[in-house]
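Engineer: following is a predicted model, sequence given first.
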Amino acid sequence: SLHDALPISATILRARDGPKEEYDEIAVPELPPSYRSLDNSAVLTFVNHTHMQGVVMQHGKLVHVSNHDNGKMTAEEHPPMNLGGHANGKKIRHGRSLKVQKWTNCYTRDETARRFLMGIGMSVEQYKKYGDDKKAAANLNAIVNDANQIYLTQLNIAVTLEKVIFAPTASARSEEHTSE
């Protein structure tokens with residue numbers, strides 16, 4: 001088992017309907033459990049009683065696994081990525097598979113696990129996919145737990161959501177703070 005990326009101590013704000021930027025604070029819902037293997041090769045999060053998602057390291061590659069409400073289980077290997085960049089004014093391209101390796105000497109005492117606190121906002125469109133606060137919170141928890149497999153393996157850092165803002169309706173969006 002592992003800590004939830006969305007702990008009970010987090011603040012969740014739901015935007016109110018209307019033109020003003022006003023929020024109601026809501027309690028963090030009880031979330032389904034997440035599990036991480038001891039060697040950090042897999043993380044699985046139960047989003048609800050019929051849906052599970054996670055990532056598994058298999059032969060040095062990440063595989064995203066999930067089951068859907070219809071009971072169908074899927075496993076999709078992340079394809080190799082082509083990363084490009086510039087060095088000394090020259091364009092470089094090289095292939096890289098998404099292989100997770102421990103990085104060292106990144107920061108002082110990087111052998112000690114750290115927590116990185118983060119805030120996140122969920123758009124109207126994204127919120128509508130889930131339909132309510134509990135489902136939206138459970139999916140954010142699963143997404144960040146999946147990402148933490150890489151952050152913990154490479155940097156020994158766990159991302160933790162400290163503040164979340166939901167915009168459940170289009171009228172709850174403040175035009176001043178919306179960029180599309």
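Structural biologist: On my side now, so go ahead. Residues are numbered from 1 along each chain as shown.
Engineer: tell me how many other residues crowd residue 123.
Structural biologist: Neighbours of residue 123 under the rule other C-beta atoms under 10 Å: 15. Every residue, glycine included, has its C-beta placed from N, CA and C.
Engineer: please read the previous query as pertaining to residue 44.
Structural biologist: Residue 44 sits with 19 neighbouring residues when counted by other C-beta under 10 Å.
Engineer: is it correct that it falls within a strand?
Structural biologist: Yes. Assessed with DSSP: H, G, I helix; E, B strand; the rest coil, residue 44 lies in a strand.
Engineer: residue 29 and residue 133 touch, don't they?
Structural biologist: Yes. Assessed by C-beta atoms under 8 Å, residue 29 is found in contact with residue 133 at 6.3 Å.
Engineer: shaky segments in the protein?
Structural biologist: Where the chain drops to pLDDT under 70, the residues are 1-4, 69, 78-101, 171-180.
Engineer: pick out the residue nearest the middle of this structure.
Structural biologist: residue 144 (2.2 Å; C-alpha atoms, centre = their mean).
Engineer: which residues does it contact?
Structural biologist: Residues in contact with residue 144 (C-beta atoms under 8 Å, 6 or more residues apart in numbering) are 5-6, 159-161.
Engineer: how about the helices in the protein?
Structural biologist: With helices called from DSSP state H, the chain shows them at 124-130, 133-155.
Engineer: which parts of the shortest one are buried?
Structural biologist: The one in question is helix 124-130. 124, 127, 130 (16 or more other C-beta atoms under 10 Å).
Engineer: show residues contacting it.
Structural biologist: 136, 138-139, 166-170, 172-173.
Engineer: out of those residues, who's the most crowded?
Structural biologist: Result: residue 166 is most packed of those (other C-beta under 10 Å), 26 neighbours.
Engineer: one step back: reformat the contacts of helix 124-130 as a markdown table; add distance to residue 152.
Structural biologist: Output for the contacts of helix 124-130, formatted as a markdown table (distance: C-beta to C-beta, whole Å):
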| residue | distance to residue 152 |
| --- | --- |
| 136 | 24 |
| 138 | 20 |
| 139 | 20 |
| 166 | 27 |
| 167 | 30 |
| 168 | 32 |
| 169 | 36 |
| 170 | 37 |
| 172 | 34 |
| 173 | 34 |
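Engineer: closest to residue 37 out of those?
Structural biologist: residue 138 (20.8 Å; C-beta to C-beta).
Engineer: re the thing from before, return the subset of the contacts of helix 124-130 lying in strands.
Structural biologist: Of the positions in the contacts of helix 124-130, residue 166 sit in strands, assigned by DSSP state E.
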